[in-house]
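J.: 3D, please:
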Amino acid sequence: MGMRIPFTKAHGAKNDFLLTWRNDAPRENLPEAARAICDRHTGVGADGWLLVAPPVPAEPVHGRIQLFNADGSVAEISGNGTRCAAAFLLDAGVTTGPEVLVATGAGPKSLRLIQRRDAEFLFEMNMGEPVCSKGPDGDVLPLADATLIDAGNPQCAFLVADFDFDWRAVGRQVERHPLFPNRTNVSFFRPVDRHTIEVRFWERGAGETMSSGTGSTGAAAAAIYLGLAEAPVRVLTPAGPLDIRFEQGTAFLTGPAEIVAGGEYYLRDL
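T.: Prediction:
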């Protein structure tokens with residue numbers, strides 16, 4: 001049979017994750033286990049798997065997370081996933097809030113609980129200071145008007161007039177482009193007005209997602225960097241809006257997290 005892995009399922013704006021206490025996870029073959037549990041046909045199904053370690057007395061954080069993408073690769077951070085982890089820690093009684101501090105692969109991240117109704121949470125999360133740079137000139141990438149962003153993880157945001165093209169194919173190609181040796185997250189955005197953009201996401205290791213916290217932050221920062229928007233920015237994702245304000249260059253994203261299920265996954269011997 002292998003082992004049984006307890007999980008809680010949550011989503012942040014329909015970007016879904018499975019969360020497991022680190023001690024309840026296998027000690028070996030974690031990438032293979034991540035691919036198995038995240039498979040939408042033979043597993044539980046999710047964009048990623050978060051292993052959560054409880055706090056220890058010597059540390060100021062309420063928990064530590066390690067994120068595996070659905071393809072088994074490790075990601076530095078997910079904005080939506082970190083909100084789900086904060087909801088998980090609150091639901092488990094590790095903290096009562098309203099401030100939740102979570103250690104991620106991109107450093108500690110602070111979240112402020114704005115509202116809670118049963119298993120539905122609304123947080124404002126400090127996303128850090130996104131750093132933008134101009135993408136390569138010429139025909140290096142399949143689309144022009146690329147902005148590169150460090151949002152705690154690598155982002156490549158393309159300015160587009162609309163989404164009436166095969167942006168998924170472009171995202172798949174750019175994710176693994178030689179320009180990005182560790183692969184990259186890809187977003188496509190169009191300005192709606194000075195405070196609103198619409199975005200589509202292709203995430204490294206997960207493919208198309210309904211929303212992305214770091215992707216929304218990167219796209220908003222790119223729109224401001226190009227002079228096409230000004231803060232605050234509302235990001236219209238396929239899952240609904242995410243709101244981002246900036247304070248001295250630091251981005252703060254307001255978005256939901258909801259716990260939707262729990263159970264055990266039967267992991268076969270790997």
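J.: how about the strands in the stretch 101-250 of the chain?
T.: Applying DSSP state E, counting those that start in this stretch to the stretch 101-250 of the chain gives strands spanning 107-117, 120-128, 131-134, 146-150, 154-159, 185-193, 196-203, 207-209, 233-237, 240-247, 250-267.
J.: any idea what sits nearest residue 269, other than its immediate chain neighbours?
T.: Counting by CB to CB, 6 or more residues apart in numbering, residue 269 lies nearest to residue 2, which is 4.6 Å off, once chain neighbours are set aside. C-beta here means a position set from N, CA and C on the backbone, and glycine is covered the same way.
J.: next one: residue 230
T.: Spatial nearest neighbour of residue 230, chain neighbours left out: residue 194 (5.6 Å); criterion: CB to CB, 6+ apart.
J.: residue 243 versus the one you found, what's the distance?
T.: Taking CB to CB, to the nearest Å as the measure, residue 194 and residue 243 are separated by 15 Å.
J.: likewise for residue 203?
T.: Residue 203 is 20 Å from residue 243, by CB to CB.
J.: and those two? Which one has more around it.
T.: Taking other CB atoms under 10 Å, residue 203 and residue 243 do not tie; residue 203 has more neighbours (28 against 16).
J.: now do stretch 225-234, average pLDDT.
T.: What stretch 225-234 shows for mean pLDDT is 98.
J.: buried sites along it?
T.: Using 16 or more other CB atoms under 10 Å as the test for burial, stretch 225-234 gives 225-226, 229, 231, 233-234.
J.: ok, those vs residue 183, which is closest?
T.: residue 225 (22.1 Å; CB to CB).
J.: so what's the closest one up against?
T.: 132, 147 (CB atoms under 8 Å, 6 or more residues apart in numbering).
J.: quick one: it from residue 111, how far?
T.: Counting by CB to CB - residue 225 and residue 111 are separated by 25 Å.
J.: and the pLDDT for residue 99?
T.: For residue 99, pLDDT reads 97.
J.: excluding its backbone neighbours, what's nearest it?
T.: residue 112 (5.9 Å).
J.: burial measure for the one you found, as a count.
T.: Residue 112: 16 surrounding residues under other CB under 10 Å.
J.: okay, and the beta partners of it?
T.: Note on residue 112: beta-bridge partners residue 99, residue 124, judged by DSSP bridges.
J.: tell me the contacts of it?
T.: Here residue 112 is in contact with 98-100, 123-125 (CB under 8 Å, 6+ apart).
J.: from these, which would you call buried?
T.: Buried among the contacts of residue 112 (16+ other CB under 10 Å): 100, 123-125.
J.: look up the closest residue to the residue most central in space within the chain, ignoring the ones flanking it.
T.: Residue closest to the mean C-alpha point of the chain, counted by CA atoms, centre = their mean, is residue 78 at 2.7 Å. Closest residue to residue 78 apart from its sequence neighbours, by CB to CB, 6+ apart: residue 67 at 5.7 Å.
J.: the one you found reaches residue 73, doesn't it?
T.: No. Contact criterion CB atoms under 8 Å: residue 67 and residue 73 do not qualify, at 9.5 Å.
J.: between those two, who's got more neighbours?
T.: Shown here are residue 67 and residue 73; by other CB under 10 Å, residue 67 has more neighbours (25 against 17).
J.: export the helix or strand where that one lies to CSV, keeping only CA atoms.
T.: In this structure, residue 67 sits in strand 63-69 according to DSSP states H and E. Taking Å, rounded to 0.1, in the frame of the first residue of the first chain, the C-alpha atoms of strand 63-69 are listed here in CSV:
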residue,chain,number,x,y,z
GLY,A,63,5.3,28.0,10.5
ARG,A,64,7.6,27.1,7.7
ILE,A,65,6.5,25.9,4.2
GLN,A,66,8.2,24.1,1.4
LEU,A,67,6.3,24.3,-1.9
PHE,A,68,6.3,21.6,-4.6
ASN,A,69,4.8,22.3,-8.0
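J.: average pLDDT across it?
T.: The model assigns strand 63-69 a mean pLDDT of 98.
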